[in-house]
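1. Mind looking at a prediction? Sequence and model below.
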Amino acid sequence: MKYGLIGRNGRMGNEIYNLFSEKGHQLVFSYDKSGEFFEEKPEILIDFSLPEAFNKVIEYVDKFKVPLVIGTTGLDENQIKQLHEISQNIPVVQSYNFSIGIQVLLRLTKLADSLLKDVDIEILETHHRFKKDKPSGTAKMLKDVLNKDVNISSIRVGNVPGDHTVYFGTLGEVITISHRALSRRTFAEGVLKSAEFAIKSIAGFYTFNDVFNLTIN
Ligand SMILES: NC(=O)C1=CN([C@@H]2O[C@H](COP(=O)(O)OP(=O)(O)OC[C@H]3O[C@@H](n4cnc5c(N)ncnc54)[C@H](OP(=O)(O)O)[C@@H]3O)[C@@H](O)[C@H]2O)C=CC1
Ligand SMILES: O=C(O)C1=N[C@H](C(=O)O)C[C@H](O)C1
């Protein structure tokens, strides 16, 4: 596929570019703080940048009228609302985490919560020192599936790609459910699956859960 990448020069942009190149996909457009690269109209846009670039993302989606896969975290309510609005005309796949393992962690978290009574629940997320947002988007997704007021602790150390743990503590025992991304390649692989999914889909708002469901059914 011919794709466009917003945030091409970043850690994730680089990982996505390497994986997509290995698989024979061609970067024909990119946008970063340093400016724009344009070779031809892309068939799909991918955004892994920062919320500050969001207006440009919407502008480019409007211009190219192609599907969007967006992994940028720290988006506000209004930005999420805008993604829902544009999804009336194009397929949008949005997720704060594109790893398969986090899909499993979300399900395990929901299951543990449904089975335990009189339990204290805490979420801990650990990321590299360069991460700008806190708490992580994934921690917010975990809180959303629990659908209750759960405390999130955040640690920023070294070069950790992304660790998430949910603690369930009763007076007699503690269950911890953890996920560790070993590298950013795992996210890039999810992005590739999502791009292939989006290109074949009709307009609508999708998440990585929809992409994951296809891989297990
Ligand atoms: N959903 C998921 O699975 C994952 C999501 N993420 C999220 O992806 C995003 C990127 O992460 P990461 O690659 O580590 O971040 P980096 O800081 O390494 O990269 C950010 C990229 O965005 C560009 N950028 C930043 N601000 C602007 C702006 N105002 N206008 C245009 N371009 C801009 C930067 O351009 P320049 O280089 O020119 O400064 C850079 O290319 C983050 O939001 C992160 O939380 C990360 C991993 C997985
Ligand atoms: O910024 C990162 O690096 C990551 N961000 C995502 C998040 O905020 O949840 C996903 C992953 O943990 C890596």
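-> Right, received. Where do you want to start? Ligands and ions are numbered 1, 2, ... in the order given.
2. How about K65: what's its closest non-neighbour residue?
-> Distance criterion Cβ to Cβ, 6 or more residues apart in numbering; nearest residue to K65, sequence neighbours excluded, is I90 at 6.6 Å. (C-beta placed from N, C-alpha, C; glycine too.)
3. Can you name the residues that contact that neighbour?
-> Neighbouring residues of I90 by Cβ atoms under 8 Å, 6 or more residues apart in numbering: 61, 65-68, 203.
4. Just the pLDDT for it.
-> For I90, the model assigns a pLDDT of 98.
5. again, but for E173
-> On the pLDDT scale, E173 gets 97.
6. Over to I216?
-> Reading off the model, I216 has pLDDT 82.
7. where do the helices sit along this structure?
-> Assigned by DSSP state H, the helices in the chain fall at 11-22, 54-64, 77-86, 100-115, 137-146, 185-200, 208-216.
8. Dump these into CSV; add mean neighbour count as well.
-> Shown next, in CSV, are the helices of the chain (neighbours: other Cβ atoms under 10 Å):
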stretch, mean neighbour count
helix 11-22, 18
helix 54-64, 16
helix 77-86, 13
helix 100-115, 17
helix 137-146, 20
helix 185-200, 20
helix 208-216, 16
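9. ok, and does the lowest-mean-pLDDT helix or strand in the chain reach over to ligand 1?
-> Lowest by mean pLDDT, DSSP states H and E among the helices and strands of the chain is helix 208-216, with a mean of 92. No - Helix 208-216 is not in contact with ligand 1 by Cβ under 6 Å from any ligand atom; minimum separation 7.8 Å.
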